[in-house]
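Undergrad: Curious how this folds, go ahead:
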Amino acid sequence: MRIRFYRPLFLAVAILGMLLALSLQMKTGRHHETISFFFWDYWLDTLKHLGGFILIGFAYFVGVFRGREISFGAYARTIWPVMVFGALSELVQLWIPTRSCNFFDLLANTLGPLLGYLIVLLLTPKLSAESPQDAGP
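TA: Got it, this is the predicted structure:
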């Protein structure tokens with residue numbers, strides 16, 4: 001798979017994902033009830049945050065990464081903007097009257113891109129297939 005051709009598409013998906021996450025997290029309106037820690041809806045919301053930021057982190061890394069070898073250092077140097085965006089998008093909710101900042105959502109927003117790294121590692125043979133030694137005749 002020649003990933004170089006699809007990089008702009010992955011980057012566009014990541015940027016659209018961040019804009020969607022920002023619009024959903026900043027949406028105001030009537031004050032919503034805080035969901036108790038012991039209910040499934042609380043954890044379902046956190047799983048949505050985690051899944052969204054896993055996908056955003058994966059797409060952003062594939063769209064931006066230009067190196068040959070995928071290592072954790074390369075991933076950390078590349079993915080930090082998504083992690084900072086995730087943390088700030090949750091922390092800014094402290095100042096929005098109809099929103100509430102949640103520790104587990106903050107954790108999901110910042111650790112989601114790191115879990116996206118596991119997906120990158122699983123797909124590494126496919127992503128590195130564009131290197132000359134793997135291209136074949």
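
Undergrad: quick one: secondary structure of L88?
TA: Secondary structure assignment for L88 (DSSP: H, G, I helix; E, B strand; the rest coil): helix.

Undergrad: Just the helices from this protein, written as ranges.
TA: According to DSSP state H, the chain carries its helices in the segments 3-26, 40-64, 72-91, 103-127, 132-135.

Undergrad: quick one: low-confidence ranges for this protein?
TA: For the chain, applying pLDDT under 70 flags the ranges 1-4, 26-40, 125-137.

Undergrad: cutoff 80 now
TA: Low-confidence segments of the chain, defined by pLDDT under 80, are located at 1-5, 22-43, 66-72, 97-100, 124-137.

Undergrad: center of it - which residue?
TA: For the chain, F53 is the residue whose C-alpha lies nearest the centre (Cα atoms, centre = their mean; 2.7 Å).

Undergrad: Looking at the helices of the chain, which is nearest to P97?
TA: Counting by Cβ to Cβ, P97 lies closest to helix 3-26 out of the helices of the chain; the figure is 12.1 Å. From N, CA and C alone the C-beta is placed, and that goes for glycine too.

Undergrad: What is the closest one packed up against?
TA: Contact here means 3 or more Cβ pairs under 8 Å, 6 or more residues apart in numbering; DSSP states H and E; on that basis helix 3-26 packs against helix 40-64, helix 72-91.

Undergrad: Now it: buried residues?
TA: Neighbour counts using 16 or more other Cβ atoms under 10 Å place 3, 10-11, 13-14, 17-18, 21, 25 of helix 3-26 among the buried residues.

Undergrad: Same question for stretch 85-97.
TA: 85-86, 89-90, 93.

Undergrad: Need those in JSON lines (columns: distance to A108).
TA: Compiled in JSON lines, the buried residues of stretch 85-97 are given as follows (distance: Cβ to Cβ, whole Å):
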{"residue": "F85", "distance to A108": "13"}
{"residue": "G86", "distance to A108": "8"}
{"residue": "S89", "distance to A108": "11"}
{"residue": "E90", "distance to A108": "9"}
{"residue": "Q93", "distance to A108": "14"}
